[in-house]
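# give me the fold of what follows.
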Amino acid sequence: TLYMTAGIGTVSGELNGTGSLALNGGVLTTDSSGFKVPVYVQNGGTLNGDGDLTAKSGFYWSSGTMTGTGKTVVGSGVTAGVIHTVEYGYNQPVLDRTLVNNGTLSHEAGYFTANLTIASGGVLDNRGTYQFTGNTGIDGSGLIVNSGIFRKSGGGGATNLYAGLNNVDGGVLDIASGWI
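Here you go, the predicted structure:
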């Protein structure tokens, strides 16, 4: 496992095996050739750069910013990825680049309910399954593009979407609990 807690770093190439990259602070830049990793975890800091960062089998994001012209790609091998936006007093995740989801991401709620923020330069491009497991939502002026399954599977209340939603051909909106 490669941990980054402060400072400035640049990655490229591929981390093989079963290891992970954990960004907890500082600024991590992906160069134009990109970076592939089995598991990507972000609990703070800033992911930046013009290269794509691809998570092949695991993804967890609870705090920090994703920015830059590159994409963050959640691979089809990610079957239990998490966006965790529930801790009071912590900076919530901010998306200011394109996040392409080809796997399964659960946007989970807990004791406190908070939202993922998609800034004006951010796009959540869902091609897999994106599911709200509670009454969390999405803030910001960015865009959600859904060609996969966009689901609310938990929480009896509202999931508010302030970012624009473009449900393209083949996209499924599945509201099994509460409302969006």
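# so where's this protein uncertain?
Along the chain, segments meeting pLDDT under 70 span 86-90, 110-113.
# where's the residue of it positioned farthest from its centre relative to Asn135, distance?
In the chain, counting by C-alpha atoms, centre = their mean, Gly156 sits farthest out from the average C-alpha position, at 23.3 Å. According to C-beta to C-beta, to the nearest Å, Gly156 and Asn135 sit 8 Å apart. Bear in mind the C-beta positions are built from the backbone N, C-alpha and C, glycine included.
# joint contacts of these two?
Common neighbours of Gly156 and Asn135 (criterion: C-beta atoms under 8 Å, 6 or more residues apart in numbering): Gly178.
# how about the residue farthest from the centre of the chain: what's its closest non-neighbour residue?
Gly178 (5.0 Å; C-beta to C-beta, 6 or more residues apart in numbering).
# the one you found contacts Ala158, correct?
Yes: using C-beta atoms under 8 Å, Gly178 is in contact with Ala158, at 6.3 Å.
# secondary structure class for the nearest residue to Gly103 once chain neighbours are set aside?
If the residues on either side of it in the chain are set aside, Gly103 comes closest to Val78, at 3.3 Å by C-beta to C-beta, 6+ apart. Taken by DSSP: H, G, I helix; E, B strand; the rest coil, the conformation at Val78 corresponds to coil.
# show me the contacts for Val78.
Ala55, Lys56, Ser57, Gly58, Phe59, Asn102, Gly103, Thr104, Leu105.
# likewise for Gly137?
Residues near Gly137 by C-beta under 8 Å, 6+ apart: Asn115, Leu116, Ala158, Thr159, Asn160, Leu161, Tyr162.
# how deep is the residue nearest to it when sequence neighbours are not counted tucked in, by neighbour count?
Distance criterion C-beta to C-beta, 6+ apart; nearest residue to Gly137, sequence neighbours excluded, is Asn160 at 3.9 Å. Asn160: 13 surrounding residues under other C-beta atoms under 10 Å.
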